[in-house]
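1. please find the sequence and the predicted model below.
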Amino acid sequence: MFIAHTIEALRAHLSAYQHPAFVPTMGNLHAGHLGLVRQAKPLGDVTVASIFVNRLQFLPHEDFDSYPRTWDNDCAQLRAAGCDVLFAPNEKELYPEEQTYKIQPPAALADLLEGEFRPGFFVGVGTVVMKMFACVFSEAKGRRTALFGQKDYQQLMVIRRMVQQFALPIDVVGGVTERAPDGLALSSRNGYLSPQERAEAVHLSKTLQAMATALRAGATDIAALEAQAMDSLRQRGWAPDYMVTRRRSDLLTPEAGNTTPLVVLGAAKLGTTRLIDNLEV
Ligand code: PAF
């Protein structure tokens, strides 16, 4: 696996290829990331991953400093998954000066759910993803592919729309959410959980499943369903930010009687760890 710490070295190396398939990450890799790398392999002639903990997408009180950095393990896992190139710039390389040009995703999509509880998050994500695309795809010709996990459902939508609106010649592909045997969605932040919290953590996906089951069975009072989900998590000691049913097309609340495809999404804190998950209904 070729490791590039600079944009120049990355571009020089990728100039020998035409169709990169790219998996951006913040490191601390788990089976979800490695699944994306494996999914990427047949989609291009070179598989590229990045590791960059992007300060721009963290609020001042969030876990930027403590975000797990597990370089040796990440490299070993990427090699084993067949990754060809790892782009791992430091902050000075990616942001040599203050990044004053930024991607501002539309409020209608980016100011709700994650954007409501993490203001500015999608500005940071959009900006770094756009910049990563400029680094990874500049030498490409023809097909370019970027892969993102569906666990970050809203992030995937924000990036798809960004690519569409800026007419970037990139196929955005979503990867299924990998889960632990008990159903907990894999996340780098699961590592923050104490053993007791880890045992409890599965109740986020269980509560979403209960919402999805009720909807499939014909439940129509969405507000009541959401309130019940919030209450049941609170009773178990969680601090939920949202447990909602939304239209897959735009993440807005479905109107009564609407038969549009739905997704249930949740975000909640267990102790100091904030987890998110979703299920398409
Ligand atoms: O999902 C993530 O890990 C990050 O938001 C991403 C897409 C790598 C941008 O920093």
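-> That came through fine. Note that the structure is predicted; figures quoted are calculated from it, not measured.
2. with adjacent residues omitted, what lies nearest to residue 192?
-> residue 273 (4.3 Å; CB to CB, 6 or more residues apart in numbering). The way it works is simple: take the backbone N, C-alpha and C, and place the C-beta from them, glycine included.
3. the one you found touches residue 197, doesn't it?
-> Yes. If you go by CB atoms under 8 Å, residue 273 and residue 197 touch, sitting 6.7 Å apart.
4. quick one: pLDDT of residue 6?
-> At residue 6, the model reports a pLDDT of 98.
5. which parts of the helix or strand containing residue 50 are buried?
-> Using DSSP states H and E, residue 50 falls within strand 46-51. Using 16 or more other CB atoms under 10 Å as the test for burial, strand 46-51 gives 46, 47, 48, 49, 50, 51.
6. next: stretch 118-133.
-> In stretch 118-133, counting by 16+ other CB under 10 Å, buried: 118, 121-133.
7. stretch 3-19 now?
-> Those would be 4, 7, 9, 10, 11, 13, 14, 17, for stretch 3-19 by 16+ other CB under 10 Å.
8. next one: it to chain centre, how far?
-> 24 Å (CA atoms, centre = their mean, to the nearest Å).
9. may I have the distance across that stretch, first residue to last?
-> Start-to-end span of stretch 3-19 (CA to CA, to the nearest Å) is 18 Å.
10. stretch 188-195 now?
-> By CA to CA, one end of stretch 188-195 lies 15 Å from the other end.
11. how far does it sit from its chain's centre?
-> Worked out by CA atoms, centre = their mean, stretch 188-195 lies 17 Å from the chain centre.
12. again, but for stretch 107-117
-> With CA atoms, centre = their mean, you get 15 Å for stretch 107-117.
13. what's next to it, contact-wise?
-> Stretch 107-117 is contacted by residues 119, 121-123, 154-155, 157-158, 161, 241-242, 244, 246, 250-251, 265, 267, 276 when judged by CB atoms under 8 Å, 6 or more residues apart in numbering.
14. spell out which parts of the stretch 1-150 of the chain neighbour the ligand.
-> 24, 25, 26, 54, 57, 125, 128, 129 (CB under 6 Å from any ligand atom).
15. ok, of the contacts of stretch 107-117, which come out buried?
-> Buried among the contacts of stretch 107-117 (16+ other CB under 10 Å): 121-123, 154-155, 157-158, 161, 241-242, 244, 246, 251, 265, 267, 276.
16. in helices, which of the residues you listed fall?
-> 121, 122, 123, 154, 155, 157, 158, 161 (DSSP state H).
17. any chance of those residues in CSV, plus distance to residue 169?
-> What follows is these, written out as CSV (distance: CB to CB, whole Å):
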residue, distance to residue 169
121, 26
122, 22
123, 23
154, 24
155, 21
157, 19
158, 19
161, 16
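18. of these, closest to residue 222?
-> residue 154 (18.1 Å; CB to CB).
19. can you pull the contacts of the closest one?
-> When contacts are taken as CB under 8 Å, 6+ apart, residue 154 is in contact with 109, 110, 113, 114, 115, 122, 251, 265.
20. surely residue 232 and residue 207 touch.
-> Yes. Taking CB under 8 Å as the definition, residue 232 is a contact partner of residue 207 at 6.0 Å.
21. between these two, tell me which one has more neighbours.
-> Between residue 232 and residue 207, counted using other CB atoms under 10 Å, the more crowded position is residue 207 (23 against 16).
22. contacts only, for the more buried one.
-> Applying CB under 8 Å, 6+ apart, the residues contacting residue 207 are 229, 232, 233, 243, 266.
23. and the nearest residue to it once chain neighbours are set aside, how many residues sit next to it?
-> Using CB to CB, 6+ apart and skipping residues adjacent in sequence, the residue nearest residue 207 is residue 229, 5.0 Å away. Other residues lying near residue 229 total 24 when counted by other CB under 10 Å.
24. cool, and the one 4 residues further on?
-> Counted with other CB under 10 Å, the neighbours of residue 233 add up to 22.
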